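Asker: Coordinates for the following, if possible.
(one chain, ligands or ions: 1)
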Amino acid sequence: MITAVREVSVFGDAIAYFNEAAALLDLEPGMRRLLTRPSRQIIFSIPFQRDSGELEVFTGYRVQYNFARGPAKGGIRYHPGVTLDEVTALAFWMTWKCAVVDLPFGGGKGGVTCDPTTLSMGELERITRRYAAELVEVVGPDKDVPAPDVGTTPQIMAWFMDTYSMHMRQHVPSVVTGKPLAIGGSRGRVEATGRGVSLVTLAQMERMGMSPRGTRVVVQGFGNVGSIVGSMFAERGCSIVGISDVTGGYYNSKGIDIGAAIAYAQEHHSLDGYRGGDRITNDALLELPCDVLVPAALEKQLTVRNAPRVQAKLIAEGANGPTTPEADHILNQRGIVVIPDILANAGGVTVSYFEWVQDRAGYFWRESEVNERLADVMHENFARVGDIATMRNVPLRTAAYMLAIDRVVQSMNTRGVYA
Ligand code: GLU
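Answerer: Purely as a prediction, here's the structure:
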């Protein structure tokens with residue numbers, strides 16, 4: 001039995017996945033060296049004034065991991081756990097995520113170490129504007145294009161866009177994606193990550209001969225990804241037996257009424273006190289009897305501790321990095337299929353790409369057009385990853401990394417390395 005849990009950096013864990021695929025691709029040592037280092041890491045102080053008048057200082061980050069295929073792309077996270085290590089790992093994953101769905105972007109990520117739930121709208125606006133102002137020289141439609149992530153919203157993107165535009169003395173909607181519709185957001189962007197998770201999960205279920213009707217689904221996290229995944233699966237006839245948010249888990253073997261749970265969470269700002277299921281711990285949630293498990297919260301949720309007890313047949317990673325490499329190994333050995341984060345949750349950045357395209361063209365698409373194009377991108381690249389997995393006899397995660405690394409390396413080799 002394993003008793004000690006290895007404490008490794010998030011970026012360290014992320015590199016472990018990369019190395020496995022890189023070995024199978026016979027990647028040259030020089031290219032490996034280059035791809036396991038971020039291009040640029042920026043750390044800065046964000047002075048901001050509380051509503052009380054008190055002056056505080058937060059730390060802001062932006063990591064631009066790789067530019068081979070285009071401008072850096074990735075969200076901004078507002079969370080107390082944000083560190084340079086975490087932001088670097090997230091920027092690293094964005095590089096492979098954009099490549100696995102063949103978008104003309106590199107990878108980036110940003111963050112502010114703060115707890116947005118304790119901040120007023122005014123405080124959030126001031127932090128965001130200062131954060132954006134600090135990055136004016138290094139972001140831009142052809143440099144680095146941020147978007148929402150954990151703890152950030154379309155409104156925060158609107159403040160970012162406005163601040164950047166003010167500094168540039170011109171209207172620049174394509175500097176950031178995930179904006180509200182009123183200022184150049186894309187129809188379907190809010191639902192896109194959850195929609196993408198559902199699309200690839202349903203495709204994989206079909207491969208495994210699982211019909212949606214009656215399939216038991218557990219969703220960890222009830223934010224923008226988890227709540228949408230829950231309602232999309234419920235629409236297809238699945239039974240959502242478990243949900244959770246920061247306040248804990250809720251289990252109902254007969255199926256949770258997702259519409260009611262979303263309405264409850266909207267009204268009460270969390271699921272706390274929700275009565276449509278038995279209250280359970282977050283740990284118990286991940287080990288519930290079910291067919292499909294969707295971790296859609298934060299990193300390192302599936303570990304050596306709980307991986308041996310996971311009961312799902314299929315896991316779709318709605319979150320970034322929810323499975324540690326050791327846990328992944330256990331899940332593979334147990335025959336549990338994992339659709340990796342870089343593929344499963346790529347729907348969000350795919351519609352971010354559509355938003356960037358629409359902003360630059362100044363011409364906006366119907367929601368049905370956005371959703372159709374999203375489905376095309378997800379299905380096509382899901383099939384490619386599946387083919388590599390079959391051909392090379394590797395798990396979907398390794399196959400997804402192989403496809404993504406190969407695309408990035410092709411771009412790097414074609415451009416040549418400026419060394
Ligand atoms: N934060 C999201 C992700 O992790 C979206 C990034 C984007 O749209 O640029 O994929």
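Asker: Excluding sequence neighbours, find me the nearest residue to whichever residue of the stretch 301-419 of the chain sits closest to the ligand.
Answerer: The minimum distance from the stretch 301-419 of the chain to the ligand, using C-beta to the nearest ligand atom, falls at Ser352 (3.2 Å). Placement of C-beta: from N, CA and C, glycine included. The shortest distance from Ser352 to any non-neighbouring residue, by C-beta to C-beta, 6 or more residues apart in numbering, is to Thr177 (3.7 Å).
Asker: Does Val246 touch Ser270 like I think?
Answerer: Yes - the pair Val246 and Ser270 passes the contact test of C-beta atoms under 8 Å, sitting 6.7 Å apart.
Asker: isn't Pro173 right up against Met161?
Answerer: Yes - counting by C-beta under 8 Å, Pro173 touches Met161, with 6.0 Å between them.
Asker: what touches both of those two?
Answerer: By the contact definition C-beta atoms under 8 Å, 6 or more residues apart in numbering, Pro173 and Met161 are jointly contacted by 179, 183-184.
Asker: Determine the longest strand present in the protein.
Answerer: Ranked by residue count under DSSP state E, the longest strand found in the chain is strand 55-66.
Asker: and that one, anywhere near the ligand?
Answerer: No - Strand 55-66 is not in contact with the ligand by C-beta under 6 Å from any ligand atom; minimum separation 12.6 Å.
Asker: which neighbours does the helix or strand that contains Ser244 have in its sheet, and in what orientation?
Answerer: Under the criterion of DSSP states H and E, Ser244 resides in strand 239-245. In the sheet, strand 239-245 lines up against strand 216-220 (parallel), strand 248-251 (antiparallel) (DSSP bridges).
Asker: What is the burial count for Glu54?
Answerer: Neighbour count of Glu54, defined by other C-beta atoms under 10 Å: 8.
Asker: near the ligand, which residues of this protein show up?
Answerer: Proximity of the chain to the ligand, by C-beta under 6 Å from any ligand atom, involves residues 73-75, 97, 147, 149, 177-178, 320, 345, 348-349, 352.
Asker: Could you single out the nearest of the residues you listed to Asp278?
Answerer: Asn345 (28.3 Å; C-beta to C-beta).
Asker: Spell out the secondary structure type for the residue of the chain found nearest the ligand.
Answerer: Taking C-beta to the nearest ligand atom as the measure, the chain has Gly75 as its residue closest to the ligand, at 2.8 Å. Put simply, Gly75 is strand when judged by DSSP: H, G, I helix; E, B strand; the rest coil.
Asker: For the stretch 51-200 of the chain, just list every one of the helices.
Answerer: Ranges of helices in the stretch 51-200 of the chain, per DSSP state H, counting those that start in this stretch, are 84-100, 121-134, 154-168, 189-207.
Asker: pretty sure the residue of the chain closest to the ligand is in contact with Val145, am I right?
Answerer: No - at 10.2 Å, Gly75 and Val145 do not qualify as touching, with contact defined as C-beta under 8 Å.
Asker: contacts for the helix or strand hosting Ile46?
Answerer: Taking DSSP H and E as the criterion, Ile46 maps to strand 40-49. By C-beta under 8 Å, 6+ apart, the surrounding residues in contact with strand 40-49 are 55-64, 84, 87-88, 112, 123, 126-127, 130-131, 134-135, 138.
Asker: Can you say which of those residues are buried?
Answerer: 58, 60-64, 84, 87-88, 112, 123, 126-127, 130-131, 134-135 (16 or more other C-beta atoms under 10 Å).
Asker: Now for the closest residue in space to the residue of the chain closest to the ligand that isn't next to it in sequence, how many residues are close by?
Answerer: Excluding the flanking residues, the one nearest Gly75 by C-beta to C-beta, 6+ apart is Asp149, at 2.9 Å. Counted with other C-beta under 10 Å, residues neighbouring Asp149 total 23.
Asker: and Asp149, how far is that from Ala361?
Answerer: 26 Å (C-beta to C-beta, to the nearest Å).
Asker: before we move on, what about His269?
Answerer: Counting by C-beta to C-beta, the gap from His269 to Ala361 is 37 Å.
Asker: that older thread, most neighbours of all the shared contacts of Pro173 and Met161, which one?
Answerer: Counting by other C-beta under 10 Å, top hit in the shared contacts of Pro173 and Met161: Lys179 with 27 neighbours.
Asker: How many neighbouring residues does the nearest residue to Arg69 once chain neighbours are set aside have?
Answerer: Spatial nearest neighbour of Arg69, excluding adjacent residues (C-beta to C-beta, 6+ apart): Ser411 at 4.8 Å. Around Ser411 there are 16 other residues, counting by other C-beta under 10 Å.
Asker: Let's see the pLDDT reported for Ser411.
Answerer: You'll see Ser411 listed with a pLDDT of 97.
Asker: could you pull out the strands for this protein?
Answerer: Going by DSSP E, the chain shows strands at 40-49, 55-66, 72-79, 107-113, 144-148, 216-220, 239-245, 248-251, 278-280, 292-295, 314-316, 337-339.
Asker: Take these and lay them out in a markdown table including mean pLDDT and distance to Ala404.
Answerer: Output for these, formatted as a markdown table (pLDDT from 0 to 100; distance: least, C-beta to C-beta, whole Å):
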| stretch | mean pLDDT | distance to Ala404 |
| --- | --- | --- |
| strand 40-49 | 97 | 20 |
| strand 55-66 | 98 | 11 |
| strand 72-79 | 98 | 14 |
| strand 107-113 | 98 | 10 |
| strand 144-148 | 98 | 19 |
| strand 216-220 | 98 | 25 |
| strand 239-245 | 98 | 30 |
| strand 248-251 | 97 | 32 |
| strand 278-280 | 96 | 36 |
| strand 292-295 | 98 | 20 |
| strand 314-316 | 98 | 18 |
| strand 337-339 | 98 | 14 |
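Asker: To Glu367, which of those lies closest?
Answerer: Nearest of the strands of the chain (C-beta to C-beta): strand 144-148, 18.5 Å.
Asker: send the alpha carbons of the closest one over as CSV?
Answerer: Written as CSV, here are the backbone C-alpha positions of strand 144-148 (Å, rounded to 0.1, in the frame of the first residue of the first chain):
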residue,chain,number,x,y,z
ASP,A,144,-1.3,37.2,-26.1
VAL,A,145,-5.0,36.9,-25.8
PRO,A,146,-6.4,36.3,-22.3
ALA,A,147,-9.9,34.8,-21.4
PRO,A,148,-11.8,33.8,-18.3
